[in-house]
Structure formats: C-alpha cells, structure tokens
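Engineer: Give me coordinates for this.
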Amino acid sequence: AYGQTGSGKTYSIFGEGGAHRGIVPRALEFLFSEVERRQRLVGSSVRASVFVSFVENYLDQLYDLGRAVQLARTSLEPDG
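Structural biologist: Predicted coordinates for the structure are as follows:
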C-alpha cells in the first residue's frame, strides 16, 4: 500500500476483523480454504506449504518485516 500518512493503508491491509477484514486476512482465508478444498478432492495425503513475507519499501530500500521475528525466534532456540 502506498499513500499519505493517515490515509487508511493499514486499515485496508489488515482491517478490523469480522466483516471489516482487510486484504491480508481475506487473502489468507481464501488461500487456506482453497488448500482444504483441494485436499478433500484428492485426499488428505496431499501436503501444502505456505510461506508469507511482509516487505516494506521505504525510500527505495526494501525491508523484510518478518526478519525481526525470525531473529528473535532463532535467539530463543537452544543450541544444538
């Protein structure tokens, strides 16, 4: 989403929930319901993997917004 501060970008992307869901919750709901539908058609032995990335473009630089979560999770894992 691109736009001026306060123009509703975050609301459009995430929404408020329920009937006022944003683009991301609606897309993920569709994606997972489609995976379930296809598994019912061909059998539950079919596996699916879903990978999601959140990237911010700020001043022509890309930032992986999930990297902080990944680093925090890695630092909490025991050595081994």
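
Engineer: State the distance from the spatially most central residue of the chain to residue 61.
Structural biologist: Nearest to the geometric centre of the chain sits residue 52, at 4.8 Å (Cα atoms, centre = their mean). In this view, residue 52 and residue 61 are 21 Å apart by Cβ to Cβ, to the nearest Å. (C-beta placed from N, C-alpha, C; glycine too.)

Engineer: Strands of the chain, start to end?
Structural biologist: Using DSSP state E, the strands of the chain run over 15-17, 20-21, 55-58, 61-64.

Engineer: Can you redo these as a markdown table, where the extra columns are mean pLDDT and distance to residue 46?
Structural biologist: Below are these laid out as a markdown table (pLDDT from 0 to 100; distance: least, Cβ to Cβ, whole Å):
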| stretch | mean pLDDT | distance to residue 46 |
| --- | --- | --- |
| strand 15-17 | 88 | 30 |
| strand 20-21 | 93 | 27 |
| strand 55-58 | 83 | 29 |
| strand 61-64 | 86 | 30 |
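
Engineer: mind listing what residue 64 touches?
Structural biologist: Listed by Cβ atoms under 8 Å, 6 or more residues apart in numbering, the contact set of residue 64 reads 53, 54, 55.

Engineer: Return the closest of the residues you listed with respect to residue 9.
Structural biologist: When the contacts of residue 64 are ranked by distance to residue 9 (Cβ to Cβ), residue 54 comes first, at 13.1 Å.

Engineer: Name the nearest residue to that closest one, sequence neighbours excluded.
Structural biologist: Nearest non-adjacent residue to residue 54, counting by Cβ to Cβ, 6 or more residues apart in numbering: residue 65, 4.0 Å away.
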